[in-house]
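In: Sharing a model that was predicted from the sequence below.
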Amino acid sequence: MFLRYLLYVFLIYILYRLIFDFIIPIYKTSSQVKKQFREMHSQMQDQMNQQSSFTETSPDKQAGNSKTTSDKESAGDYIDFEEVK
């Protein structure tokens with residue numbers, strides 16, 4: 001009879017240790033890793049949006065650069081490689 005209670009107490013202790021020393025830390029760690037992945041994903045999305053907005057504005061800058069190259073051509077100092085055919 002005493003051994004039966006001792007066995008129950010031992011099993012309860014083992015179950016307690018399993019839950020609080022193994023299962024709960026794994027759950028917390030996995031949720032933290034998921035949160036970090038979500039944050040990294042959102043940062044990557046923000047960077048992609050910034051790059052797309054940068055590429056949309058870059059043709060305007062390229063048009064400005066072509067004007068300056070034509071000014072350089074008229075001065076005779078420099079000819080772009082693209083324009084030499």
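Out: Sure, I can see it.
In: Quick one: mean pLDDT over stretch 47-61.
Out: Per-region confidence: stretch 47-61 scores 75 on mean pLDDT.
In: Tally up the residues packed near residue 19, please.
Out: Residue 19 has 10 neighbours, counted by other Cβ atoms under 10 Å. All C-beta spots, glycine's among them, are computed from the backbone N, C-alpha and C.
In: can you tell me how far it sits from residue 43?
Out: 35 Å (Cβ to Cβ, to the nearest Å).
In: Could you do residue 36 as well?
Out: 10 Å.
In: Same check on residue 26?
Out: The value you get for residue 26 to residue 43, if Cβ to Cβ is used, is 26 Å.
In: Then residue 52?
Out: In terms of Cβ to Cβ, residue 52 sits 15 Å off from residue 43.
In: Run a quick neighbour tally on residue 20.
Out: For residue 20, using other Cβ under 10 Å, the count is 10.
In: That one in helix, strand or coil?
Out: Three-state call for residue 20 (DSSP: H, G, I helix; E, B strand; the rest coil): helix.
In: and residue 21, what does it touch?
Out: Listed by Cβ atoms under 8 Å, 6 or more residues apart in numbering, residue 21 has no contact partners.
In: do residue 14 as well
Out: Per Cβ under 8 Å, 6+ apart, neighbours of residue 14: none.
In: now do residue 5
Out: With Cβ under 8 Å, 6+ apart, residue 5 has no contacts at all.
In: What pLDDT does the model give it?
Out: For residue 5, the predicted pLDDT is 96.
In: helix or strand for it, which one?
Out: helix 2-18 (DSSP states H and E).
In: Now that helix - C-alpha only, CSV.
Out: Written as CSV, here are the backbone C-alpha positions of helix 2-18 (Å, rounded to 0.1, in the frame of the first residue of the first chain):
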residue,chain,number,x,y,z
PHE,A,2,2.8,2.4,0.9
LEU,A,3,4.7,1.5,-2.2
ARG,A,4,1.7,2.3,-4.3
TYR,A,5,1.5,5.8,-2.9
LEU,A,6,5.2,6.2,-3.2
LEU,A,7,4.9,5.2,-6.9
TYR,A,8,2.1,7.7,-7.5
VAL,A,9,4.1,10.5,-5.8
PHE,A,10,7.2,9.6,-7.9
LEU,A,11,5.1,9.6,-11.1
ILE,A,12,3.6,12.9,-10.2
TYR,A,13,7.1,14.3,-9.6
ILE,A,14,8.3,13.0,-12.9
LEU,A,15,5.3,14.5,-14.7
TYR,A,16,5.9,17.8,-13.0
ARG,A,17,9.6,17.9,-14.0
LEU,A,18,8.7,16.9,-17.6
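In: Done for today, thanks.
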